[in-house]
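Chemist: Okay, predicted coordinates and the sequence, questions at the end:
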2 protein chains.
Amino acid sequence: MKKFTILICLLALFTVAYGEDGSRLWLQPLPYGQTNSTSIISGEKSPTIGLAISELNNPAYQLGSRTILIGTTTDKNIRKVFSKSELSTLSPESYLIRTVQWNGKEAIAIAGGDDKGALYGSYHLLRLAVTNGLGSPVSVREVPAYKVRVLNHWDNLDGSVERGYAGYSLWKWEDLPNTLSPRYKEYARANASIGINGTVLNNVNADPLILTHEYLIKVKALADVFRPYGLKVYLSVNFSSPTAISGLPTSDPLDEGVQRWWKDKAKEIYALIPDFGGFLVKANSEGLPGPQDFGRTHADGANMLADALQPYNGIVMWRAFVYNPGNEERAKQAYLEFTPFDGKFRSNVIIQIKNGPIDFQPREPFSPLFGAMKQTPIMPEFQITQEYLGFSNHLAYLAPMFKECLDSDTYAQGEGSTVAKVTDGSLYGNKISAIAGVANIGEDTNWCGHDFAQANWYAFGRLAWNHQLTSEVIADEWLKMTFTNDPEFLSPITKMMLDSREAVVNYMMPLGLNHIFAFDHHYGPEPWCDVPGARPDWMPTYYHRADSTGLGFDRTTSGSNGVSQYNQPLADLYNNIDTCPEEYLLWFHHTAWNHQMKSGNIMWDELCRHYDKGVLQVREFQKIWDRSEHFVDTDRFHRVQSKLRIQARDAVWWRDACLLYFQTFSKQPIPYDLERPVHDLDDLKKIKLNMGHNNKAKK
Amino acid sequence: MKKFTILICLLALFTVAYGEDGSRLWLQPLPYGQTNSTSIISGEKSPTIGLAISELNNPAYQLGSRTILIGTTTDKNIRKVFSKSELSTLSPESYLIRTVQWNGKEAIAIAGGDDKGALYGSYHLLRLAVTNGLGSPVSVREVPAYKVRVLNHWDNLDGSVERGYAGYSLWKWEDLPNTLSPRYKEYARANASIGINGTVLNNVNADPLILTHEYLIKVKALADVFRPYGLKVYLSVNFSSPTAISGLPTSDPLDEGVQRWWKDKAKEIYALIPDFGGFLVKANSEGLPGPQDFGRTHADGANMLADALQPYNGIVMWRAFVYNPGNEERAKQAYLEFTPFDGKFRSNVIIQIKNGPIDFQPREPFSPLFGAMKQTPIMPEFQITQEYLGFSNHLAYLAPMFKECLDSDTYAQGEGSTVAKVTDGSLYGNKISAIAGVANIGEDTNWCGHDFAQANWYAFGRLAWNHQLTSEVIADEWLKMTFTNDPEFLSPITKMMLDSREAVVNYMMPLGLNHIFAFDHHYGPEPWCDVPGARPDWMPTYYHRADSTGLGFDRTTSGSNGVSQYNQPLADLYNNIDTCPEEYLLWFHHTAWNHQMKSGNIMWDELCRHYDKGVLQVREFQKIWDRSEHFVDTDRFHRVQSKLRIQARDAVWWRDACLLYFQTFSKQPIPYDLERPVHDLDDLKKIKLNMGHNNKAKK
C-alpha cells in the first residue's frame, strides 16, 4: 500500500443547517463542502480510513485546530507514537486513542487493530468531543465484547416489516441493485458509529426467494455499500430453500443432494460477497420448516449449513425460539429441545437465544438455556423494536432491560456466570461470540418512529461493544449527541429514560405478569382474550391463569417445574414464594390474591399500586418533557410530546383493562386512595384496533 | 260532601320488593295489596284525599301504629284539632302538620288549605318520616313560594325530546287518548310529592297540531290522569296556529278573525279541560313566528292570547328568550326588546325569563331583565335537563345553580331585591307568580338518564315550593329518600353533590367563559368551531373572543356596554375589572392573559388551574362513589360508577381541548406542576360526535 500524507487545514465555516426531523440520529450530518481547521494525518488510504478522515473533518464536531493521527498498526506515524507491544496486542476492530507529542506539539492519535478499529476509534473521539470535550489528555483502549454485533431485520421482501413500527422496509428490493437509496450509506454509518458490524437483512420467517440469484445480486449491492463501514451482510434462510427454489424432492439435511445444493449456494454467495457473514435460521418454529420435518435434529440441520459456510468462514446463527402446543408448557420447551444437543454443533454454529424463555415480554427472567448450554457457543437475542412495549408510541429506553438479562447470574460455573460472560466467550473461551438485536428501523424519516427509540438502537450497539457500560452512561451519551449537553436538560431527561421501561412494566404487566396482550397485534391489553379454536399457548389466559384463588403461572416443583431448568441456587430461590423476587412472582407462582407482599400489602393491592404507579410515571414524563421545551427544537419537542400523550392515554387504558378484568376474579376493591378507572370493562372488551402497522404488505 | 271515617288498621307485612332500576325515584313504590298498621282518619273523600290516604298507608314508610288525621279546613276532625284562626288563614295548596291529642292519645293531623294542600302535607309527613323519623312532636306550616310551579317539556309530537337525554318522550301521542301508560300516574305522583302543580306538555318550538281537536282530546286524557295529583296541564302554542290549523289568511294578533279564533280555541280547550293552565309561547325567537311578523309587538301578541284565556283564569307565559344576529350583542337583546313594554301586558300574562342573558350556560350572571321589569309579572326559567352540563352523562347537582340565580340581588328596589323576591310576588305584590324548569324526563326506566339527575327534578320542585331551602338540605332529603340515611354515606355524597356543578364549570367554562360548546349538540368542547355561513352568534368565537392580547367578551362601557343593563351598584361593580367577581371575569371583560388575579396568578395560569381542578374534582367524585359501594344496591352503584367514568374522561377532554386551543393565543406554557394534556389539539378538532340523542324523531 502506497503511503502518503493527507493534510487538510482549511478555514472552518461552521454553519451546519439541518431540519431536526430526526434523520441525523445521534450524528452530525456530513459536511456539505465545508471542512474544519483540523489537521488529519494518515499514512493509509483504504476506503474505511477515508471515511474516518471525512468524519473527523466534519466541522460540526468542532475539533478545532488540532492535529489527529489515524491509522492501523502498520501506519508509520502510528508506529512512531505507540509502543510496539501496545500495537502487537491490538486485535481487529480494537483501537487505542491517546494524546501524544507530534512534531513538538500535542496531537491525538487513533490506532486501529485494523482499519475498522481506526474508524471505530474516530467515532469514539467524536463522541468524546461532544460529550466531554477534548480539554484534557485522552487515553482510551477499547476491545469489543462480542465479535459479531448484529442487527436482525424482520423485513419481508414485499417491503413490509414484521413487528415494524417505523414505516416500511429500508430495503427497496424492487429498485436494487441498480438504484441505491442514500439511506443505505447513512444506515451503515450509524451502525459503524456504535460498533455494529453485521446486519441480517431479511425476516427470520424467511422467504426462500432471498437465495435466488436475482436477490443475491441485490444483496451484493447492499453489501458493497456497507463494506467500508465494516458492516457485514447476513441472510435469514428458509430451511426448505432447496425444494422451494430448485425443486429438489427433499430438503433433508442428511440428503447428499441437499448438502450439495447448500454448498453450491454458499459458493455462489461468496463469489458475489466475499465477506458474507452467514445465515440466521428459524427452523421448526411457529410453522417454519426445519430438520425435524425429515426426522432430523436441530444439530443435523445447523451442521449441514455450517459445513457449507465453513470454507468461507461464514457462521450459522440457529435460533432456539421453539415451542409447540403440547404437553409441556411453553417456557420450558427451548431448554428441553436444545440441551440434548449441547456439544453436537459445528464450531461455526452459534445458538441464538431470546433473552427470556417466552417472547420479549416487558419483563421476563433470563432464559434458562443461558445457564445450560456449556459446550456450544450461544448468543443473546434482544428485541429493539417494541413489539411488546408500546410499538413506536411509547417511550421505553431499553438499555436497562438488555442489561437486566446480560447481568443475570446463571450460576453455570458458579457465582458470577452472568449471561454476558456466558455469551461473550470469556467464560468458556469460545472462538465465536455474538449478540443480536431485532431492529426498530424503517423508512420513517426519523428511522425508528419515536425519536427516543433511536436511543434503543444506540444502546444495543453500545452494549454489544461493551456490556459493562451502565444504562445511565449510555443515555447520557445519546442525549448529549442527539439533543444538548446542558445539564438542566440532561438530568431530568436521563432520569425519565432510566425510569421508562419500568413504567411500561408497571402499567402493562407488573409482578411477573406476561403476554396478556391483545391477540395478534400485541399493542393493547386483552387479558380476557379467547379466540375460539386458537392455539391455547397464544391466549393470555394461558399465561396469567387468573382464578378465584389467585393469579400467575405455577412453575414451581408443584407446578410445571420450570424452576428446575435453572441452576442452583436459583431453582430453590424461584421455587420458594418467600424468596422469589417479586418482579417475577406471578411468573413462577400462582399467587393468592391476599398473599402478603414485602410492602405489607396484599398481592391484589400491590398489583393495583403498580398499575397506578405506571400511569403516574408517564404523567411525570410528560411534565419532565414539557419543562424541557426550551432545550429542544420545535419539531422534535412536539413529536415526542404527542407520543407521550398517547402513552399517557394508553397507560390508563392498560391500567383499567387489567385491573377491571382481574378484579372479576379478585372480587376486591381497588384501594380507595388510588385514582379510579375511567373505562368500563365491557367497553374495553369491544376495542378492536387495526394495529397492523407495516407488518402487512403495501397495497 | 258526605263525611265519613275511614279506619284502616291491618297487619303491616313489610316486605317491599323492587329492583333498584331507578324507576321509583325518591318515593317508595305503592303497596301491592299490603297496608301498614297506621290508622288514617279523614272526613273527606275527594280523589286527591284518597291518594293522600293511600300514600300514608304505604307500609314501606313504616309510619307505625299511629293515628293520622287528614283533611281540608272544612273537615270536622281537622276543625277539632286546629284553631279556627289557623285554618282561616290557610291558603290553597298550603298545609299545617301538627302532633295533636286525639281521643286521649297522640296523633298527627294534616290540614290542607284545600285537598291539594292535604296531599302535599301527606308527602311532607312521609318525607319527615324517612329523613328524620317521627320521634318528636311535629309542627309544620308550609305555604308555597310560587303559585305556578311548572315543568316545561320540550317534547315533540313525534316522540323526540329537544335537549332530552333520557330516552324518548313519556307522552305516547299515538296511543292516546285510549291507552294510558301507567307512567302518567307515576309522573303526576312524583311531581305532587315535591309540589309541582303544572306541566307544559309540548316543546316551546311548538307544532301547531297540538291545538287541533284530535290532539286536545289526547291532552284531556292526560289532564284527567294528572288532576287528582293537583297537576294542571299547559300547552306551548305556535303563534301561527290560526293560519296553520284553520287556514286563516293571517295570524296578526290585531286581526279580529284571529282574535276570535283564539277565543273559540280557548272555549274548546276549557270544555274538555276545565282546569287547563294556559299557554307558553316562544315567539319571534330562533325562527319561530310571532307578532313581529305582522308588525305587532310582544305585548300585542301576549295580550291577545291573554284575552282569550282570561274568562277561564288561564295564563300566558310569554318567553323573553329572543335574539337576532344584528348590531346588538346577544346578551343585551332580551332587555332591549322587553323593557319598553313593561306595564303593557294584561294581568294574566307573565314574562318567562331564562336565568341568564344567554342560554343556560354552566355559569351566567343573572339576566338583567329580572332587575328591569317592575310593572309586569316575570318568572324565572331554569333548565333542569343538562343541555350544557354534560347531558345525562355528567353528575351535576343543579340546586346551587338555581339558587345562585334566585339569590342574586337585582337591586331593583334597593338592596335585597333578589331574583326570588322579584319573581315570587313578594316585592311587587303580583297576583300571579310562577317558576319554570325545563324537564330532564324521558321514557328511560330511571326517568332522567343519570340516577343523580333525579335530584335536579327534585331540587327544582323543592325550590319552587320554598326557594329559601339550602342546596345542602335538599340534597340531604333527596339522598335519604333515594338511597339511605346512613351518615357515613350522606356526608361524602352530599359534599360530592354540592361540589359537582362547580366542577363542571371548572372543567368546561371557568372564569365566566361560555358557549364554547361543539356546534349543535352542545356536549363536547369546540372553542375553535367555525361553520362557514353559520350565524356568527352561534359560533363559540363570538363568545370567547380569544386573541393574542387576551380572552373574554368586553361588555364594559368601553365594549358592548352590557353592564349598563344592570342596576347600580352592579353596573359599576361588573364594569371595573378589579371589582368584577372573578367567576364572571371573562363574561364582562376581555382580559389580558397576564392580568393579575386575586390569587396572585396571571389569568392564563388561573384558567389552567381551574380546568385542572375540574378534572381532579371528578376523580375525587369517583373515589367518593366507589367508597360508598356497600351502601348502594349493585345496579345503581354500577350505573353511577359508569357515568362517573365517562365524566372523568370528558373532563380531561374538555381540559385538553380548551387549554390547547387557548394556548395558541396565550402562547404560554400550562403551569408545569399541572397534569399535562393527553390529547393533541389536531386530533380533538377531528372529533365529530353523533350526539343527537333523542332530539331527533324515531326512525
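Modeler: Sure, I can see it. Everything quoted here is computed from the prediction, not taken from an experiment.

Chemist: What are the boundaries of the helices in the stretch 501-650 of chain A?
Modeler: Secondary structure of the stretch 501-650 of chain A (DSSP state H, counting those that start in this stretch): helices located at A:540-544, A:570-575, A:585-588, A:603-627, A:634-666.

Chemist: whoops, the stretch 201-350 of chain A was the one
Modeler: Taking DSSP H, counting those that start in this stretch as the criterion, the stretch 201-350 of chain A contains helices spanning A:213-226, A:241-246, A:256-272, A:298-309, A:330-338.

Chemist: from the ones you listed, which stretch is densest packed?
Modeler: helix A:298-309 (a mean of 24; mean count of other C-beta atoms under 10 Å in any protein chain shown). Just so you know, the C-beta spots here come from the backbone N, C-alpha and C atoms, and that holds for glycine as well.

Chemist: can you give me the offset of it from its chain's centre?
Modeler: Relative to its parent chain, helix A:298-309 has a centroid offset of 25 Å by C-alpha atoms, centre = their mean, to the nearest Å.

Chemist: tell me what it is packed against?
Modeler: Packed against helix A:298-309 by the contact rule (3 or more C-beta pairs under 8 Å, 6 or more residues apart in numbering or on different chains; DSSP states H and E) you find helix A:256-272, strand A:278-281, strand A:315-319, strand A:349-354.

Chemist: cutoff 6 Å now
Modeler: Packing contacts for helix A:298-309, counted by 3 or more C-beta pairs under 6 Å, 6 or more residues apart in numbering or on different chains; DSSP states H and E, involve helix A:256-272, strand A:315-319.

Chemist: outside of the longest one, which residues touch it?
Modeler: So that's helix A:256-272. Residues from elsewhere that reach helix A:256-272, judged by C-beta atoms under 6 Å, 6 or more residues apart in numbering or on different chains: A:211, A:216, A:220, A:242, A:248, A:251, A:252, A:276, A:304, A:308, A:309, A:312.

Chemist: change it to 8 Å
Modeler: With C-beta atoms under 8 Å, 6 or more residues apart in numbering or on different chains as the test, helix A:256-272 has contacts from A:211, A:213, A:216-217, A:219-220, A:223, A:241-242, A:246, A:248, A:250-253, A:276, A:304-305, A:307-309, A:311-312, A:314.

Chemist: and the residue lying closest to residue A:617 once chain neighbours are set aside, how many neighbours?
Modeler: Nearest-residue entry for residue A:617: residue A:503, 3.7 Å, with adjacent residues in sequence omitted and distances by C-beta to C-beta, 6 or more residues apart in numbering or on different chains. Each residue near residue A:503 was counted by other C-beta atoms under 10 Å in any protein chain shown, and the total is 25.

Chemist: can you check residue A:346 too?
Modeler: What residue A:346 shows, counting by other C-beta under 10 Å, is a neighbour count of 17.

Chemist: Could you pull up the contacting residues of the residue nearest to it when sequence neighbours are not counted?
Modeler: In space, residue A:346 comes closest to residue A:306 once its chain neighbours are excluded; the distance is 3.8 Å by C-beta to C-beta, 6+ apart. Contact criterion C-beta under 8 Å, 6+ apart gives A:315, A:316, A:345, A:346, A:347, A:348, A:349 as the residues in contact with residue A:306.

Chemist: In contact with residue A:192, which residues are there?
Modeler: Counting by C-beta under 8 Å, 6+ apart, residue A:192 touches A:51, A:119, A:120, A:123, A:229, A:230, A:231.

Chemist: most surrounded residue in these?
Modeler: Note: the member of these with the most neighbours is residue A:119, at 31 neighbours, neighbours being other C-beta under 10 Å.

Chemist: Quick check, that residue in contact with residue A:52.
Modeler: Yes - if you go by C-beta atoms under 8 Å, residue A:119 and residue A:52 touch, sitting 4.6 Å apart.

Chemist: And residue A:79, which helix or strand is it part of?
Modeler: Counting by DSSP states H and E, the secondary-structure element that holds residue A:79 is helix A:76-81.

Chemist: With mean pLDDT as added columns, please give the helices of the stretch 201-350 of chain A in TSV.
Modeler: TSV is the format used below for the helices of the stretch 201-350 of chain A (pLDDT from 0 to 100):
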stretch	mean pLDDT
helix A:213-226	98
helix A:241-246	98
helix A:256-272	98
helix A:298-309	98
helix A:330-338	96
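
Chemist: which residues pair with the most centrally placed residue in chain A across the strands?
Modeler: Note on chain A: the residue nearest the mean C-alpha position is residue A:437, at 2.7 Å, using C-alpha atoms, centre = their mean. When bridges are assigned using DSSP bridges, the partners listed for residue A:437 are residue A:151, residue A:382.

Chemist: And the pLDDT at it?
Modeler: If you check residue A:437, the pLDDT there is 98.

Chemist: Ok, residue A:532 next?
Modeler: Residue A:532 is assigned a pLDDT of 89 by the prediction.

Chemist: and the residue of the stretch 201-350 of chain A found nearest chain B, how many neighbours does it have?
Modeler: The shortest separation between the stretch 201-350 of chain A and chain B is 32.8 Å, found at residue A:203 (distances taken as C-beta to the nearest C-beta). Residue A:203 is flanked by 25 other residues according to other C-beta under 10 Å.

Chemist: For the following helix or strand past the helix holding residue A:79, what is the distance to the chain centroid?
Modeler: Proceeding C-terminally, helix A:76-81 gives way to helix A:84-88 as the next helix or strand, assigned by DSSP H and E. Centroid separation between helix A:84-88 and its chain, computed with C-alpha atoms, centre = their mean, is 34 Å.

Chemist: elements contacting helix A:84-88?
Modeler: Applying 3+ C-beta pairs under 8 Å, 6+ apart, we find helix A:84-88 packed against no helix or strand.

Chemist: try 10 Å
Modeler: Helix A:84-88 sits against strand A:95-102, with contacts defined as 3 or more C-beta pairs under 10 Å, 6 or more residues apart in numbering or on different chains; DSSP states H and E.
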